[in-house]
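> just a sequence and a predicted model for now, questions to come.
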Amino acid sequence: MNVLFLGDIVGKAGRVCVSEQLPLMKAKFQSDFIIANGENAAHGKGITKRLYHELLRMGIDVITMGNHTFSKNDIFNFIEDADRLVRPANLSPRNIGEGTRIFSVASKTVAVTNLCGEIFMNNVVQSPFKEMESILEQVQADIHIVDLHGETTSEKIAFAYHFAGRVQAVLGTHTHVQTADERLVYGTAAISDVGMCGAYTSVLGRDMQEVVTRFTTDEKTRYTVAEGPGVFCAVHMEFDDATNRAVKIERIQVRPEHIEE
């Protein structure tokens, strides 16, 4: 089985980038299942019903979220009906949406779990380690893929080693900078951060000059999403059909051409 996982989609630039690159990547890697982190899809924070369906129309099968899950009030109007949306299981409020969903893919059951790291995060009400242990007591699937949305590489690497062999993938999101530490650990594919799909000339998808101003002056700034050609970051994973173990993880990064900075 071939699975493609897209890093955080940030604003319009990210959505445009995905719409252009996803068909090419799906054909290249013969992807059976496509997951994307969509927590920054709506103006850099959160997601709306319209954008949820827009991303699904692009060919994405499952959308994971993160600390900005509830940044747009519209989420409360459709999350219970969004059967291909997975929100962090350990993020408050916990009484709406699902932190794990199970899908049927090519005669296999695939569980997708979304968690938030504890370090430097708000509204996280349970350790992702403890939350994952609880989930594994209740969920059985041939392949279990975890999106761990967290700030620090240390927490995400530790999580991957702790659950190696018990889940088939631990994919870090949130920092928007793709890391070069992809690895296979006892049949588990892991990477600290998949990266982002968003404007290349930016600071993590935000307007570059606005962020520089914020760092160098006392001026208060808005949260302005950058515009312009996007970078496409993802990972391709291959799982052995006989053992369900991960046998390959490959970083993907497509930068725009002819960018002058």
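Thanks, I have the structure now.
> quick one, what contacts the residue nearest the centre of the chain?
The centroid of the chain falls nearest to N37 when counting by C-alpha atoms, centre = their mean (3.0 Å). Applying C-beta atoms under 8 Å, 6 or more residues apart in numbering, we find N37 in contact with L6, G7, D8, I9, I63, T64, M65, G66, D147, H149, T173, V194. Quick note: C-beta positions are derived from backbone N, CA and C, even for glycine.
> if we use 7 Å, what do you get?
L6, G7, D8, I9, T64, G66, D147, T173 (C-beta atoms under 7 Å, 6 or more residues apart in numbering).
> how about G11?
Counting by C-beta under 7 Å, 6+ apart, G11 has contacts N40, H43, G44, G198, G205, V225.
> show me the contacts of N37 that map onto helices.
Among those, none falls in helices (DSSP state H).
> from the contacts of G11, which ones fall inside helices?
Using DSSP H, no member of those falls within helices.
> now L4, what's its secondary structure?
Under DSSP: H, G, I helix; E, B strand; the rest coil, the three-state class of L4 is strand.
> one more: L56?
helix.
> how about the contacts made by it?
L56 neighbours (C-beta under 7 Å, 6+ apart): R84.
> check the gap between it and A158 for me.
Distance, L56 to A158, by C-beta to C-beta, to the nearest Å: 33 Å.
> how many neighbours does A199 have?
Neighbours of A199 under the rule other C-beta atoms under 10 Å: 27.
> output the below-cut-off pLDDT ranges for the protein.
Judged by pLDDT under 70, the chain has its weakly predicted residues at 258-261.
> mind listing the strands for the stretch 151-261 of the chain?
169-173, 183-185, 188-191, 196-199, 230-239, 246-254 (DSSP state E, counting those that start in this stretch).
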